[in-house]
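Engineer: predicted coordinates and the sequence they were generated for:
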Amino acid sequence: MVPIISIIHDPSFTSIEDDHVRFLNTMRAVQGALIVASSIQIILGYSQLWAICSRFFSPLGMVPVIALVGFGLFDRGFPVVGRCVEIGIPMLILFIAFSQYLKNFLTKQLPILERFALLISITVIWAYAHLLTASGAYKHRPELTQTNCRTDKANLISSAPWIKIPYPLQWGAPTFDAGHAFGMMAAVLVSLIESTGAYKAASRLASATPPPAHVLSRGIGWQGIGILLDGLFGTLTGSAVSVENVGLLGSTRVGSRRVIQISAGFMIFFSILGKFGALFASIPFTIFAAAYCVLFGLVASVGLSFLQFTNMNSMRNLFIVGVALFLGLSVPEYFREYTAKALHGPAHTRGGWFNDFLNTIFFSSPTVALIVAVFLDNTLDYKDSAKDRGMPWWVKFRTFKGDSRNEEFYTLPFNLNRYFPPS
């Protein structure tokens, strides 16, 4: 979001008096930046350069990265739940009860409550929140409470069109600016690193083998294609792995491509039928924040589970994990506090693109953790510590043929492997 906010506040756009013209020019600038920046992931992914970089990763180095993919989002959890505790707390309790305490409840031999815990919880609490809204419970409450609790505050349903078909370049031809593009490239690099950690977490929660270097790089390339499409369709933001969906994979124990394909179909459907999309968008964000408390925690715990493959009696390993975890939380927090007070990031030079690049990189907990952990892991007594780092277990999964199960887990459908041969 840092480079996007920077584009929005670009003096060349803020000086435009007409709001609609300013909006169109801003959107076209964001489109151009996304299109250019997407080349980073496309090149790194399909050229297998990211696969080469991943050879410097180890179980020890991935612990703080994956852990902070979850822990780094702590501000989207209970701090948001606290804005409307009357629906946030019940949602949290209900989700935990259905997914954990009642998960063995079977209907026709199917664990219905475990599989649909999130869906059932959201439906029940959403109906409860709508009941509170309709009964006038928030009529005389502060504006902030109404914003976080009401189901009709934004008037989304009444203002949304019935049908709206998105199409490429709907805001006009993209405009390209080197400064905007460089800033967006930092966001794409952050997305790449966070997605790498999420891929590792997803494979573990799905009881699959760790993704081989080729598969990891291929996934980054496809994500780059997604960001390119985001730029063409003018979505304002790029694409990254959904951390909450990775956590949901662990909660439901469902790791199926068919589920993802059907979900994608629903998302396309709701994006075209505006009223239906607006209906789901009217769900108070507090409900999702309560679910995040569980889902992000699950992802973080996957990162910590990689410690079992390392020797945590080694002072070297304790030092690397501790420092990377602490700096991964502390550095972004410093950047956030500084920005909140000064209204600009710590990097504040005359070069706007340089400011956006540095501020974006160090706003991300997993990115800071990867820089620190991978550097220390590959420079600090690394020659004599392969076993302590967990490399004997890790090395066999680097290549596609290193484990016979990789073909089952990572072969592409529709015979696409002939275009992306495993290595």
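Structural biologist: Structure received.
Engineer: which residues touch residue 150?
Structural biologist: Listed by CB atoms under 8 Å, 6 or more residues apart in numbering, the contact partners of residue 150 are 129, 133, 138, 284. C-beta: built from backbone N, CA, C; applies to glycine.
Engineer: farthest-apart pair in the residues you listed, please.
Structural biologist: Greatest spacing in those, by CB to CB: 138 and 284 (10.7 Å).
Engineer: settle it for me: which of those two has more neighbours?
Structural biologist: Counted by other CB atoms under 10 Å, residue 138 and residue 284 do not tie: residue 284 has more neighbours, with 24 against 21.
Engineer: so where's the stretch 201-350 of the chain shaky on pLDDT?
Structural biologist: Residues of the stretch 201-350 of the chain meeting the criterion pLDDT under 70: none.
Engineer: out of the contacts of residue 150, flag the one nearest to residue 101.
Structural biologist: residue 129 (23.1 Å).
Engineer: pLDDT averaged over the host helix or strand of the closest one - what is it?
Structural biologist: Residue 129 belongs to helix 117-134 when assigned by DSSP states H and E. Averaging pLDDT along helix 117-134 gives 93.
Engineer: now for it, which elements pack on it?
Structural biologist: Helix 117-134 is packed against helix 85-96, helix 143-149, helix 243-252, helix 285-305, with contacts defined by 3 or more CB pairs under 8 Å, 6 or more residues apart in numbering; DSSP states H and E.
Engineer: could you dump these into JSON lines and include mean neighbour count?
Structural biologist: Below are these laid out as JSON lines (neighbours: other CB atoms under 10 Å):
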{"stretch": "helix 85-96", "mean neighbour count": "20"}
{"stretch": "helix 143-149", "mean neighbour count": "16"}
{"stretch": "helix 243-252", "mean neighbour count": "22"}
{"stretch": "helix 285-305", "mean neighbour count": "22"}
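Engineer: output these as JSON lines; include the columns distance to residue 26.
Structural biologist: Converted to JSON lines, those look like this (distance: least, CB to CB, whole Å):
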{"stretch": "helix 85-96", "distance to residue 26": "33"}
{"stretch": "helix 143-149", "distance to residue 26": "24"}
{"stretch": "helix 243-252", "distance to residue 26": "27"}
{"stretch": "helix 285-305", "distance to residue 26": "24"}
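Engineer: mind listing the helices for the stretch 51-200 of the chain?
Structural biologist: In the stretch 51-200 of the chain, the helices defined using DSSP state H, counting those that start in this stretch lie at 59-71, 78-81, 85-96, 112-115, 117-134, 143-149, 156-159, 178-205.
Engineer: ranking these by burial, who's on top?
Structural biologist: Mean neighbours per residue, mean count of other CB atoms under 10 Å, is largest over the helices of the stretch 51-200 of the chain for helix 59-71, with a mean of 28.
Engineer: list the helices and strands that helix packs on?
Structural biologist: Short answer (3+ CB pairs under 8 Å, 6+ apart): helix 59-71 packs on helix 178-205, helix 243-252, helix 285-305, helix 315-342, helix 365-377, helix 386-389, helix 391-395.
Engineer: determine which of those approaches residue 39 most closely.
Structural biologist: helix 178-205 (8.7 Å).
Engineer: so which elements touch that closest one?
Structural biologist: helix 2-8, helix 19-46, helix 59-71, helix 213-233, helix 243-252, helix 285-305, helix 352-362, helix 365-377.
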